[in-house]
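Visitor: Let me see the structure of the following:
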Amino acid sequence: MSVIEKIQNQLSENRVMLYMKGTPEFPQCGFSSRVVQILEACNAEYSHFNIFEDQELREALKEYSNWPTYPQLYIDGQLIGGCDIVTDLYSKGELAAMLAAAGATE
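Guide: Down below sits the predicted model:
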């Protein structure tokens, strides 16, 4: 399986996917930590991938998404964005609606 196929599989198997530095329990950057806090505030069910665990995937995802930084949040296979965009959507109440539409809230 190629790294692009691995990314596509992760996105197709998880309604909400967060590519982040570290884990939700131990984020390794402030931006990743903030996105985790927002997702938890929305009671979102989400999967995550620690980009430090796979250098090849880390680099390929930047090209796949055409987004150079982390974290990267995907809902239903679509890139939503990084910390700034997620924070903005959350503050407007739009993120909760997107998560609910994807069936990813408790």
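Visitor: So what's the gap between the helix or strand that contains residue 18 and the chain middle?
Guide: Taking DSSP states H and E as the criterion, residue 18 maps to strand 16-20. Relative to the centre of its chain, strand 16-20 is centred 2 Å away, using Cα atoms, centre = their mean, to the nearest Å.
Visitor: angle of the helix or strand just after that strand against strand 16-20?
Guide: Per DSSP H and E, strand 16-20 leads on to helix 30-41 as the next helix or strand towards the C-terminus. Per axes from the mean of the first three to the mean of the last three Cα atoms, to 10 degrees, the angle that helix 30-41 makes with strand 16-20 is 160 degrees.
Visitor: Report all helices and strands that helix 30-41 contacts.
Guide: Other elements packing on helix 30-41 under the criterion 3 or more Cβ pairs under 8 Å, 6 or more residues apart in numbering; DSSP states H and E are strand 16-20, helix 83-91. Any C-beta I mention is one placed from the backbone N, CA and C, and that applies to glycine too.
Visitor: Helix 83-91 and the first one, what's the angle between them?
Guide: Put plainly, it is strand 16-20. On the basis of the same axes, to 10 degrees, strand 16-20 is oriented at 140 degrees to helix 83-91.
Visitor: Rounded mean pLDDT for strand 16-20, please.
Guide: What strand 16-20 shows for mean pLDDT is 98.
Visitor: Could you list the residues in contact with that strand?
Guide: 10-11, 24, 27, 29, 32, 35-36, 39, 44-51, 61, 70-75, 99, 102, 104 (Cβ atoms under 8 Å, 6 or more residues apart in numbering).
Visitor: Mind checking which of the residues you listed are in strands?
Guide: 47-50, 72-75 (DSSP state E).
Visitor: now those in a markdown table, with neighbour count?
Guide: Formatted as a markdown table, the ones in strands among the contacts of strand 16-20 follow (neighbours: other Cβ atoms under 10 Å):
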| residue | neighbour count |
| --- | --- |
| 47 | 16 |
| 48 | 22 |
| 49 | 21 |
| 50 | 18 |
| 72 | 25 |
| 73 | 26 |
| 74 | 21 |
| 75 | 21 |
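Visitor: distance between stretch 25-41 and the chain's centre?
Guide: On Cα atoms, centre = their mean, the centre of stretch 25-41 falls 10 Å from that of its chain.
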